[in-house]
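> Pasting the sequence and the predicted coordinates here, then a few questions.
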Amino acid sequence: MKNNLLIALLFSSICAKAQDASDFPVRKWSLDFGGSVGVFIPFDQVKDSKTAIGSNAITTLQLNYREHFFTRLQFGQTTVDFKYRSTFPTINSDISAKANSTNLGLVFGYQRSFRRLQPYVFAGAGASFIDAPTAFYDPEQNMVNYRTLSGTHLQVIAGAGLNYRLSKTFILFLEGQAATIPDIPKNSATHLSGISALIGIKAPL
């Protein structure tokens, strides 16, 4: 009787593991498409001011190789408060607006599955297209002119996250992503180097 019970329990365990494996079959190559939104906190903050918090939205196309390796193309936009004070010979100027960067990057990563959970890490680089307001002083007119400066910069990206397989069709994920723009000075008023906390959903194609 005991032997029969032991065999039955062993058989049930094997069936359960087989069911888990068949629920999420691993293919050699696979594609995921998804998107995420979240908050963005700059590394450098304005002195004597409230902590600046912006937003980040990212769309991704991810190519997976077997179970562990992936490369991901990501396109997104970061928006954060822009505060800048200029002192000219006869005028002081304060700007309080929004700075935006449109980002296109390619990252490479490693992931590992534990049933429905799949932690991962990644790093990569890309281009950041920045729009930021600025002020120019015209001494002849004694006037401050405001403009938007645009530029393209290198962006370095690294992060980690956790996938949760809701079903064969949808994957929920949480992600922390740090991005820095090396050629912008540390104390730049644009504040577009920082860390994002994101939540998103993706689907296998």
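Okay, I see it. Source: prediction; values computed, not measured.
> what helix or strand does residue 163 sit in?
Assigned by DSSP states H and E, residue 163 belongs to strand 143-165.
> Specify the next element, helix or strand, located C-terminal of that strand.
Following strand 143-165 toward the C-terminus (DSSP H and E): strand 171-180.
> Show me what counts as buried in that following strand.
By 16 or more other Cβ atoms under 10 Å, the buried positions in strand 171-180 come out as 171, 173, 175, 177, 179-180. (Glycine included, C-beta is placed from N, CA and C.)
> Am I right that residue 109 is in contact with residue 65?
No - Residue 109 lies out of contact with residue 65 (Cβ atoms under 8 Å); the separation is 10.7 Å.
> give the contact list for residue 152.
Listed by Cβ atoms under 8 Å, 6 or more residues apart in numbering, the contact partners of residue 152 are 127-130.
> Distance check, it against residue 181.
Distance of residue 152 to residue 181, given as Cβ to Cβ, to the nearest Å: 10 Å.
> For those two, list the residues in contact with both.
128, 130.
> on that earlier part again, comparing residue 109 and residue 65, which shows the higher neighbour count?
residue 109 (20 against 12; other Cβ atoms under 10 Å).
> Quickly find the element holding that one.
Assigned by DSSP H and E, residue 109 falls in strand 92-111.
> Pull up the pairing partners for the strand holding residue 163, direction included.
strand 117-138 (antiparallel), strand 171-180 (antiparallel) (DSSP bridges).
> May I have the beta-bridge partners of residue 175?
Assessed by DSSP bridges, residue 175 has beta-bridge partners residue 161, residue 198.
> My guess is it contacts residue 161. True?
Yes - the pair residue 175 and residue 161 qualifies as a contact (Cβ under 8 Å) at a distance of 3.4 Å.
> what do the two both touch?
residue 198.
> List the buried residues of the helix or strand residue 73 falls within.
Using DSSP H and E, residue 73 falls within strand 69-87. Neighbour counts using 16+ other Cβ under 10 Å place 70, 72, 74, 76, 78-84 of strand 69-87 among the buried residues.
> In a markdown table: these, plus pLDDT and distance to residue 42.
Supplementary listing: the buried residues of strand 69-87 in a markdown table, determined by pLDDT from 0 to 100; distance: Cβ to Cβ, whole Å:
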| residue | pLDDT | distance to residue 42 |
| --- | --- | --- |
| 70 | 97 | 28 |
| 72 | 98 | 24 |
| 74 | 97 | 19 |
| 76 | 95 | 16 |
| 78 | 93 | 10 |
| 79 | 89 | 11 |
| 80 | 85 | 6 |
| 81 | 77 | 9 |
| 82 | 70 | 10 |
| 83 | 68 | 11 |
| 84 | 66 | 14 |
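> With that, I have no additional questions.
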